[in-house]
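Peer 1: Give the three-dimensional model of this entry:
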Amino acid sequence: MQSFLGLIDIILELYVWILIIWIIISWLVAFDVINTRNRAVYVISDVLYRLTEPVLRPIRRVVPLLGGIDISPIILLLGIWFLRSLLREYFWH
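Peer 2: The predicted structure is shown next:
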C-alpha cells in the first residue's frame, strides 16, 4: 500500500509542475513574449493544454472569472496540495 500511495504522491507532484509550467507558458503567450506560430512552442503548449484542461474545465464552470482573471489553476493547486497533505497525514504516520 505504501508503494501505491508513494506513486500517487509522485503523480500529483508531477501534475503540479505541469500546471505551473502551463500557467507560465499561457502568461508568456498572452503577453506576446513567445509566439505560438513557433512550432516547438505550439507543440509544448498544446500538450500542456490537453493535460490540464480536462481538470480545469469543471472548476471554471463553478468559479466565475474575477475581473477577467482565471483563478481555476490556483484552486486546483490548492486542492492538490490539500490532497497530498491528507495522504501524508493519514497514510504515512
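Peer 1: In this structure, which helix is the longest?
Peer 2: helix 2-30 (DSSP state H).
Peer 1: okay, now residue 10: neighbour count?
Peer 2: 10 (other Cβ atoms under 10 Å). From N, CA and C alone the C-beta is placed, and that goes for glycine too.
Peer 1: gap between it and residue 55?
Peer 2: Between residue 10 and residue 55 the computed distance is 17 Å (Cβ to Cβ, to the nearest Å).
Peer 1: ok, the residue sitting nearest the centre point of the chain - contacts?
Peer 2: With distances taken as Cα atoms, centre = their mean, the residue of the chain nearest its centroid is residue 19 (2.6 Å). Going by Cβ atoms under 8 Å, 6 or more residues apart in numbering, residue 19 touches 52, 73, 76, 77, 80.
Peer 1: If you rank these by neighbours, which is first?
Peer 2: In terms of neighbours by other Cβ under 10 Å, the contacts of residue 19 top out with residue 52 at 20 neighbours.
Peer 1: How about it: what's its closest non-neighbour residue?
Peer 2: Leaving aside its chain neighbours, residue 52 sits nearest to residue 22 (4.9 Å; criterion: Cβ to Cβ, 6 or more residues apart in numbering).
Peer 1: my guess is that neighbour contacts residue 49, does it?
Peer 2: Yes: the pair residue 22 and residue 49 passes the contact test of Cβ atoms under 8 Å, sitting 7.0 Å apart.
Peer 1: The two: who's more crowded?
Peer 2: residue 22 (20 against 14).
Peer 1: ok now do the closest residue to residue 72 other than its chain neighbours, which residues does it touch?
Peer 2: Spatial nearest neighbour of residue 72, chain neighbours left out: residue 59 (4.1 Å); criterion: Cβ to Cβ, 6+ apart. Counting by Cβ under 8 Å, 6+ apart, residue 59 touches 72, 75, 76.
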